[in-house]
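In: Next come a sequence and a model predicted from it.
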Amino acid sequence: MSIGSSRLFASITVSGFCSASIVPALAGATLGALVLESAAKAQVTFYVNQAEFDATGPTTLVADFEEFTPGQRLANPSNLGEFTLENQGGDIVIVGLGRPGDTNPFPVSDGISSNGNEDFVITFSSPFVQAVGFSTLTNRFNPVRLTVFGESNEEIASYVLPQAPNTFGFVGFVSSAPISGFRWLTDRGGEQNTVIDNIRTRVPSPSAAAVLGLGGLLAARRRR
């Protein structure tokens, strides 16, 4: 899908913690990212400009859904190797050229949508994911809410996507702590579809992952 280069002019929220602080990630007249730091010290930075997200480090494309056929229904949940995909609001359907679903504009490549509401939960196979980004297509209703989960599947951040209705775009997020997955929750996706495509992640090198794992173990011991 084509990638939007829109700038960020939206609120960001966090729930599940006693306190949170929000500070601009970039100075200037426009902001491409916001940083969220929770009381648990997990810092999550959100991007809606792909170039700024890409500048944070390399990522690997883990799903572009081109191996499927537009109109095809996937198992719910589906194990797609690098992650498990579940839709809590309906089925999982591939949309694309020739089978666009109820989207506006029509998707230009294959992606995931639903005949019901898009309430997607993606859980990664790797316990060390540090960054996630993907292409988006919105519907005409209220903004999508994105929730990020930490290594114990706890909510570490939630974000209201500032993307305009019925547009292509991009969203990415980088965390100082491991990301176990995320949730994409739409408003009235059963009336008009949203689409996710081109999911990419960043997983650290084995040595860096070992350091992250040790840090997580020490944090768990402190909590006990």
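Out: That came through fine. Values in this document were obtained by computation on a predicted structure and should not be read as measured data.
In: Give the partner strands of the strand ranked longest in the chain in its sheet and their orientations.
Out: Longest strand in the chain by number of residues (criterion: DSSP state E): strand 168-185. For strand 168-185, the paired strands and their directions (DSSP bridges) are strand 43-47 (antiparallel), strand 119-124 (antiparallel), strand 129-137 (antiparallel), strand 145-150 (antiparallel).
In: Show me what the last one is in contact with.
Out: With contacts defined as Cβ atoms under 8 Å, 6 or more residues apart in numbering, strand 145-150 is touched by 40, 42, 44, 46, 123, 155-161, 171, 173, 175, 177-185. Every residue, glycine included, has its C-beta placed from N, CA and C.
In: can you give me the mean pLDDT across that strand?
Out: Averaged across strand 145-150, the pLDDT comes to 98.
In: Buried residues of it, list them for me.
Out: With burial defined by 16 or more other Cβ atoms under 10 Å, the residues of strand 145-150 counted as buried are 145, 146, 147, 148, 149, 150.
In: Closest one to residue 59 out of these, please.
Out: Among the buried residues of strand 145-150, residue 148 lies closest to residue 59 (Cβ to Cβ), at 15.8 Å.
In: Leaving out the residues flanking it, which one is nearest to the closest one?
Out: residue 157 (4.6 Å; Cβ to Cβ, 6 or more residues apart in numbering).
In: and the one you found, backbone torsions?
Out: Summarising the backbone geometry of residue 157 under the convention degrees, to the nearest 10, its torsions are phi -170, psi 150.
In: Pretty sure residue 173 sits against residue 131.
Out: Yes - Residue 173 sits in contact with residue 131 when judged by Cβ atoms under 8 Å, with a separation of 7.0 Å.
In: From the chain's centroid, how far away is stretch 184-201?
Out: Taking the mean of its C-alpha atoms, stretch 184-201 sits 10 Å from the chain's own mean (Cα atoms, centre = their mean, to the nearest Å).
In: Pull out the buried residues from the contacts of strand 145-150.
Out: By neighbour count, with 16+ other Cβ under 10 Å, the contacts of strand 145-150 hold 40, 42, 44, 46, 123, 156-159, 161, 171, 173, 175, 177-185 as buried.
In: In this structure residue 198 contacts residue 64, no?
Out: Yes - assessed by Cβ under 8 Å, residue 198 is found in contact with residue 64 at 5.3 Å.
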